[in-house]
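Student: sequence plus predicted model, see below.
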Amino acid sequence: MVRRRTAAIALIATLAAAGCGGGSGQKPSKTTTSPAASGPSARAADAAVVRGWADALRLGHVAHADGLFSLPAVVENGTPPLRLRTRAEIHLFDSSLPCGARLVRTVAHQGYVLAQFKLTERAGPGGGHCDGTGHSAAAAFRIVAGKIREWRRIAALPGPGGQAPPPSAPTTTAPLT
């Protein structure tokens, strides 16, 4: 069991280190969605948690970013959903993300905060190797009691005219490692 968990966490690090584009090694394509949100804005308090996480990570304050996650937390970055049960696992996940990000906008969708980011270089350990600087990335966050309970990579935020339809709400019904 310990060997399997170690392998799963190593997989997180490997995929995240492969680049911010979801592990393909290619630069992520720029989003084509309009800056106008097509759904209701996320609650200000929840958006502040997402902004705080992104700002802390971008500035190299990984321990602060780690503290914004609840235990356990679920992450999905081009991987099956993974349950992180310790602060060390959350730290490994946050540390493995090669890019920093600036929050551009948030949209509320089925209990999630969908967040669009502009990728940047990242200060501190693990930073400075972003292959997607200037490109967009998006993630779905579930915020519970002011902490990140789920972090899931998504293709894009919904835009007007159906350019990028909202994803189905991520579920945790898939087996978690």
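Tutor: Sure thing, it's come through. Residues are numbered from 1 along each chain as shown.
Student: show me the helices in the chain, by range?
Tutor: In the chain, the helices defined using DSSP state H lie at 2-17, 44-58, 62-66, 87-96.
Student: where are the low-confidence patches of the chain?
Tutor: Residues of the chain that meet the criterion pLDDT under 70 lie in 1-41, 125-128, 159-177.
Student: what are the buried residues along stretch 110-128?
Tutor: Across stretch 110-128, burial judged by 16 or more other CB atoms under 10 Å covers 112-120, 122, 124, 126-127. Yep, even glycine has a C-beta here, placed from its N, CA and C like the rest.
Student: strands of the chain, start to end?
Tutor: For the chain, the strands defined by DSSP state E occupy 69-76, 82-84, 100-109, 112-120, 136-144, 147-154.
Student: hang on, D46 packs against R142?
Tutor: No: using CB atoms under 8 Å, D46 is not in contact with R142, being 9.2 Å away.
Student: shared neighbours of these two, which are they?
Tutor: Taking CB atoms under 8 Å, 6 or more residues apart in numbering as the criterion, D46 and R142 both touch V113.
Student: tally of neighbours for A44?
Tutor: By the criterion of other CB atoms under 10 Å, A44 has 9 neighbours.
Student: no wait, D46
Tutor: Residues near D46, counting by other CB under 10 Å: 21.
Student: do L92 as well
Tutor: Close neighbours of L92, defined as other CB under 10 Å, add up to 17.
Student: mind listing what's buried along stretch 70-79?
Tutor: Within stretch 70-79, judged by 16+ other CB under 10 Å, the buried ones are S70, A73, V74, V75, E76, N77, T79.
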